[in-house]
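Colleague: task: produce atomic coordinates for the following.
(2 chains)
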Amino acid sequence: MSSMTFGRYSFRDTFVHRLDARNKIFLMILCMVGIFFQFKMWSTSLLLSGIYFVALIILMIISKVSFLGLLKSLSGLWFLIIILMAIYIFIPNSNYHLGVAFHIGSYAVRWDAFCQSGYIVLRLIMMISLAMVLTSTTKPMDMTYAFEWYMMPLKPIHFPVHEIAMTLSIALRFIPTLLDETQRIMKAQASRGVDFNHGGLFKRFGAVIALIIPLFVSALERSEELANAMIVRGYDPKAKRTRYRLLRFSWRDLIAFLLVGLAFASVIILFVADRTGSPLDLIWHFFRVKGF
Amino acid sequence: MGIKVENIFYTYQKKASNSTLALDNVSLNIEENDFVAIIGETGSGKSTLAQTFNALIVPDQGQVQVNDFAVSYKNRKSKKVRNLRKQVGLVFQFPEYQLFEETVEKDVAFGLKNFGEKNEEAIAAAHRALRKVGLDESYYKRPPFELSGGERRKVAIAGILAINPDILVFDEPTVGFDPASAKELMSLIVNLHMSGKTIIVITHDMDLVNEYAKKVFMLEKGKVIFEGTPSELFNNAKQYDCLEIPMVIKLALALKEKGADIDLNKIHTTDDLLEEIKRWRGKHE
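Modeller: Modelled structure (predicted):
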């Protein structure tokens, strides 16, 4: 399955690869939130997007993520872009800053619609690249450990934290196995004359059924076998266990944390300033509220 | 007619750093109505080679001439590929995992219907194929997932037989079977061979090779390192360190060492050995 390379972990040794998974997830969420702040003026939003974009490209170069893989995965987005365009064009919006582009009948289509949809697509692309950086620099197992760690506070209320993490890691573990299985079944059905690449909608639907049912059956059988194997080896989800891999917060994490934190703080200040006036006003406002 | 493999190369994961050359300049010739065994260690390229026979895998270089169609990189998108798959039936390892229809007969007829046969004729052919593999009428309407592993495999094999291809490729057909079922399946394959089909069997079971195959190809790291009859293979067994010698041959060799005059080329089954011993005894007395 060569087309499934998107977001696969790549065995490299870079600064980003060595970061703690928990830290990486947190920082990525910060970045995503930062990206989603929208400013009053298009110029500010676009300028900031430009800065984000440059930062992202630098990040991708540092973490040696392939640009080609990103482009490939983005090539599927054109359909989304068209739908977004349509939505923004036909849903009236009161907040216009730019002029009229053209008329459809008596309905005025403004440049804002294009800006808005373009801006959304831009942000989506950035989100996807961020997610790709995360998944291709973090081992899936480390990622599940990180999720488990984040869910720890839920443990006292008997939320099945460990079980969920285990399920997640098993699911991740079996993705390649199921892909192999898919290919195997596709070949077997192709030998029986199924054509997965040609034919009309109805025929293709039939072809997919011939693939999905055996895949489900074998996945279910496999899961039963796995469950039995785990029980035989004394697996108990409630038991306390030690871990083979440990997550550690190092100086690298501190650097990354400070960098992203600083950037995020500046974006927040800018955002608030954009809404309320100037940053100085904001500080002034803050002190006044405190009663100084 | 038959299969003519001409200098084919095939690499898995061409772009990746861990790419492996699965087939390395393989050339071989399989005559019509032959019974061929392909042997070799795991990862030697046997299954890859077999999949080139019906264009599931298309060689990067070279071609596989099957009847009047050449499987090659140039022809990989040709519409005749479907026609080829009708002529070359491939039974995968553990074929029981490819069943999906509601009833056994529907599943067996599935392939034929894909090749454009009408429903009633496909079902009739399915019934014939099911009888061939030894499943009677009581199975026709049963859901395949209800059956045992062995029965499911028989259904899957019937699914290929129903298409009635001229060339049948079996990838380790008896693996996981009990000896009786394995014997039953092999006699089915022999019957198919008798009825004029070309049979290609991929296997690790040397007893099976010795007993049934007329010609053997041995693969190692994507290259053909032996081509000939089973007797020739086992007579030169010392050259190939990983080769397991069949039980009967081992016994015959031991007898020969003790001074018995036994012609190894004639030994394919226990009966053959018995005949040879009788012949030798007769000469001796």
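Colleague: what's the neighbour count on residue 253?
Modeller: Just so you know, I chose chain A. Number of residues near A:D253 (other C-beta atoms under 10 Å in any protein chain shown) recorded here: 19. Where you see a C-beta, it was placed from the backbone N, CA and C, and this is true even at glycine.
Colleague: you answered for a different chain; I wanted chain B.
Modeller: 17.
Colleague: and what of A:F249?
Modeller: Residues near A:F249, counting by other C-beta under 10 Å, number 12.
Colleague: where's it, which helix or strand?
Modeller: Using DSSP states H and E, A:F249 sits in no helix or strand.
Colleague: what is the burial count for the residue of the stretch 151-285 of chain B at minimum distance from chain A?
Modeller: In the stretch 151-285 of chain B, the residue that lies nearest chain A is B:G159 (6.1 Å; C-beta to the nearest C-beta). Close neighbours of B:G159, defined as other C-beta under 10 Å, add up to 31.
Colleague: cool, B:A254 as well?
Modeller: Using other C-beta under 10 Å, B:A254 has 10 other residues around it.
Colleague: and what of the one 10 residues further on?
Modeller: Using other C-beta under 10 Å, the number of residues around B:L264 comes to 16.
Colleague: again, but for the one 4 residues further on
Modeller: With neighbours defined by other C-beta under 10 Å, the count for B:H268 comes to 19.
Colleague: what about it, which SS state?
Modeller: Here B:H268 takes the coil state, with states given by DSSP: H, G, I helix; E, B strand; the rest coil.
Colleague: on that earlier part again, am I right that the residue of the stretch 151-285 of chain B closest to chain A is in contact with B:K132?
Modeller: No - judged on C-beta atoms under 8 Å, B:G159 makes no contact with B:K132 at a distance of 11.7 Å.
Colleague: how about the residues of chain A by chain B?
Modeller: Chain A comes close to chain B at residues A:2, A:181, A:184-185, A:187-195, A:209-210, A:213-214, A:217-218, as judged by C-beta under 8 Å from any C-beta of the partner chain.
Colleague: please name the nearest non-neighbouring residue to the residue of the stretch 51-200 of chain A found nearest chain B.
Modeller: Closest contact between the stretch 51-200 of chain A and chain B, by C-beta to the nearest C-beta, is at A:G193 (3.1 Å). Excluding its sequence neighbours, the residue lying closest to A:G193 (C-beta to C-beta, 6 or more residues apart in numbering or on different chains) is B:N114, at 3.1 Å.
Colleague: count of residues packed around the residue of the stretch 51-200 of chain A closest to chain B?
Modeller: Count around A:G193 with other C-beta under 10 Å applied: 19.
Colleague: ok, it touching B:R82?
Modeller: Yes - if you go by C-beta under 8 Å, A:G193 and B:R82 touch, sitting 6.5 Å apart.
Colleague: between the two, what contacts are shared?
Modeller: B:F115 (C-beta atoms under 8 Å, 6 or more residues apart in numbering or on different chains).
Colleague: show me what contacts B:G222?
Modeller: With contacts defined as C-beta under 8 Å, 6+ apart, B:G222 is in contact with B:Y10, B:L21, B:A22, B:L23, B:D24, B:V26, B:S44, B:G45, B:T48.
Colleague: what secondary structure does residue 217 sit in?
Modeller: Looking at chain A here, since you left the chain open. Look at A:V217: counting by three-state DSSP, its state is helix.
Colleague: chain B, not that one
Modeller: Classified using three-state DSSP, B:F217 is strand.
Colleague: what sits opposite the closest residue in space to it that isn't next to it in sequence in the beta ladder?
Modeller: Of all residues not flanking B:F217 in the chain, B:I38 sits nearest, at 5.1 Å (C-beta to C-beta, 6+ apart). Per DSSP bridges, the residues bridged to B:I38 are B:I202, B:F217.
Colleague: does B:I38 touch B:Q51 like I think?
Modeller: No - look at B:I38 against B:Q51 with C-beta under 8 Å: they stay out of range, at 11.7 Å.
Colleague: more neighbours, the two?
Modeller: The residue with more neighbours, out of B:I38 and B:Q51, is B:I38; 26 against 22, by other C-beta under 10 Å.
Colleague: the strand or helix carrying A:A256 - what's its average pLDDT?
Modeller: Per DSSP H and E: A:A256 is located in helix A:251-276. Helix A:251-276 carries an average pLDDT of 87.
Colleague: and that helix, what does it pack onto?
Modeller: Identification of packing neighbours for helix A:251-276 by 3 or more C-beta pairs under 8 Å, 6 or more residues apart in numbering or on different chains; DSSP states H and E yields helix A:21-35, helix A:42-62, helix A:279-290.
Colleague: spit out the contact partners of the residue nearest the centre of chain B.
Modeller: The structure's chain B has its C-alpha centroid closest to B:V201; by C-alpha atoms, centre = their mean the separation is 1.7 Å. By C-beta under 8 Å, 6+ apart, B:V201 lies in contact with B:F35, B:V36, B:A37, B:I38, B:V169, B:F170, B:P173, B:I189, B:L208, B:Y212, B:A213.
Colleague: any regions of the chain where pLDDT drops low?
Modeller: Unless you meant another one, I'm taking chain A. A:1-7, A:92-98, A:277-292 (pLDDT under 70).
Colleague: should've been chain B
Modeller: B:15-18.
Colleague: quick one, what contacts the closest residue to chain A within it?
Modeller: With C-beta to the nearest C-beta, the shortest gap between chain B and chain A falls at B:N114, namely 3.1 Å. Going by C-beta under 8 Å, 6+ apart, B:N114 touches A:R192, A:G193, A:V194, A:D195.
Colleague: next: B:F94.
Modeller: Per C-beta under 8 Å, 6+ apart, neighbours of B:F94: B:R153, B:V175, B:G176.
Colleague: got the residue ranges for the strands in chain B?
Modeller: Secondary structure of chain B by DSSP state E: the strands cover B:3-12, B:20-30, B:35-40, B:61-66, B:69-71, B:88-91, B:167-171, B:198-202, B:215-220, B:223-228.
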